[in-house]
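*Asks:* I need the structure of the sequence given here:
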Amino acid sequence: MLTERQASDVWCPFARLPWFFERAESAIAGVSYNRTGTGEPVDEARCLAARCAAWRWTDPEVTDEPREEWTGFCGLAGRP
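*Replies:* Reported below is the predicted structural model:
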């Protein structure tokens, strides 16, 4: 379980970024990626936390803690 701040430092395997390049035949080719050539995650492919439709709060009924302390998880990966 992660706070939104912790989740924003985690790489999302579902995030994809477009990349277009020209081939020798002058045709434009496009691919998607979420890591650099060295295997490092790109910043734009990090978890969106509560801004993602798949984000699930651990206990959405919590009212006595500040929201920054609430924890959640990626619903696509299943409950931890």
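*Asks:* Going by C-alpha atoms from here, please, whenever you check contacts or count neighbours.
*Replies:* OK.
*Asks:* Next up, the contacts around the residue most central in space within the chain.
*Replies:* The residue lying closest to the centre of the chain (C-alpha atoms, centre = their mean) is residue 47, at 2.5 Å. Counting by C-alpha atoms under 8 Å, 6 or more residues apart in numbering, residue 47 touches 7, 8, 9, 10, 11, 12.
*Asks:* give me the low-pLDDT residue ranges for the protein?
*Replies:* Residue ranges of the chain with pLDDT under 70: 20-30, 37, 41, 60, 62-63.
*Asks:* quick one: the helices in it?
*Replies:* For the chain, applying DSSP state H gives helices covering 4-7.
*Asks:* Let's see which of the contacts of residue 47 end up in strands.
*Replies:* Within the contacts of residue 47, no residue falls in strands by DSSP state E.
*Asks:* Narrow the residues you listed to those that are buried.
*Replies:* Buried by 16 or more other C-alpha atoms under 10 Å: 7, 8, 10, 11, 12, out of those.
*Asks:* The fourth one contacts residue 46, correct?
*Replies:* If I follow you right, that is residue 11. Yes. Counting by C-alpha atoms under 8 Å, residue 46 is a contact partner of residue 11 at 4.3 Å.
*Asks:* related to what we said a few turns ago, adding distance to residue 35, write the buried ones among the contacts of residue 47 out as JSON lines.
*Replies:* Compiled in JSON lines, the buried ones among the contacts of residue 47 are given as follows (distance: C-alpha to C-alpha, whole Å):
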{"residue": "7", "distance to residue 35": "17"}
{"residue": "8", "distance to residue 35": "16"}
{"residue": "10", "distance to residue 35": "13"}
{"residue": "11", "distance to residue 35": "9"}
{"residue": "12", "distance to residue 35": "10"}
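*Asks:* list the contacts for residue 75?
*Replies:* By C-alpha under 8 Å, 6+ apart, the neighbours of residue 75 are 54, 55, 56.
*Asks:* List the beta-bridge partners for the last one.
*Replies:* Pointing back at residue 56 there. residue 73 (DSSP bridges).
*Asks:* got a list of what it touches?
*Replies:* 50, 72, 73, 74, 75.
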